[in-house]
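Undergrad: can't give you the sequence, but here's the structure:
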């Protein structure tokens, strides 16, 4: 009898879309597959509330924040949680539960990859 | 009699949302107004077809392209034109008519501002 099912592989915390991707946009046209992967990341920051939450976490002391640290963005806590989940699904945040609260942290490699695509402008 | 109406001010080609904005996201939380302005730019690249079109123009010879240069993105020419209009409205492209065709060009200051916001990661 195989014990494969009893020994699941450890999955990294980040989502499958998080793999850094793609050359600077001035270098060559993206393939359909590359565009599909990368548009998700840009879309995640394409909402004013998510962008504020992301900047709040990115600039928070220690580089992380929990929902308990977040106020004054003009939306309810369930809405905050919903948007944080979207940012996590896009690979831009990772999370870790500590006691009562889930702490969110920016995934620097993914954000650096987005910055890399916009490099060579300006 | 005033001749003000006969001498309209020359408007720059880029849209009102195009003004470069905002410090690196690690520096401080964005204000609601900053997030509103900037999310538009990220949202414009948050669609796979628009991202491919943008990379196609950004990497095209001479840094510009017209709809006549664009094929093989799997959507019709009216859809291409629709997406180019969205990118222009977000301030990421400028356009210029020459004869039959409208030529599109990346607005480097706006894209550099987006890159600047993602700087200091990685």
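TA: Good, I have the coordinates. For clarity, every value in this text was computed on a predicted model and none was experimentally measured. Residues are numbered from 1 along each chain as shown, chains lettered A, B, ... in the order given.
Undergrad: ok, the helix or strand hosting residue A:82 near chain B or not?
TA: Using DSSP states H and E, residue A:82 sits within helix A:77-89. No - figure legend: helix A:77-89 not in contact with chain B (CB under 8 Å from any CB of the partner chain); closest approach 11.5 Å. Using the backbone N, CA and C atoms, a C-beta is placed for each residue, glycine as well.
Undergrad: so how far is residue B:23 from residue A:63?
TA: According to CB to CB, to the nearest Å, residue A:63 and residue B:23 sit 16 Å apart.
Undergrad: nearest spatial neighbour of residue A:86, chain-adjacent residues omitted?
TA: Leaving aside its chain neighbours, residue A:86 sits nearest to residue A:44 (6.0 Å; criterion: CB to CB, 6 or more residues apart in numbering or on different chains).
Undergrad: so the one you found touches residue A:87, yeah?
TA: Yes - if you go by CB atoms under 8 Å, residue A:44 and residue A:87 touch, sitting 5.4 Å apart.
Undergrad: centre of the chain to the helix holding residue A:82, how far?
TA: Mean-position distance between helix A:77-89 and its chain equals 10 Å (CA atoms, centre = their mean, to the nearest Å).
Undergrad: so what does it touch, helix or strand wise?
TA: Other elements packing on helix A:77-89 under the criterion 3 or more CB pairs under 8 Å, 6 or more residues apart in numbering or on different chains; DSSP states H and E are helix A:32-44, helix A:48-58, strand A:93-98, strand A:101-106.
Undergrad: buried deepest among these, which one?
TA: Greatest average neighbour count among the helices and strands packed on helix A:77-89 goes to helix A:48-58 (a mean of 25), per mean count of other CB atoms under 10 Å in any protein chain shown.
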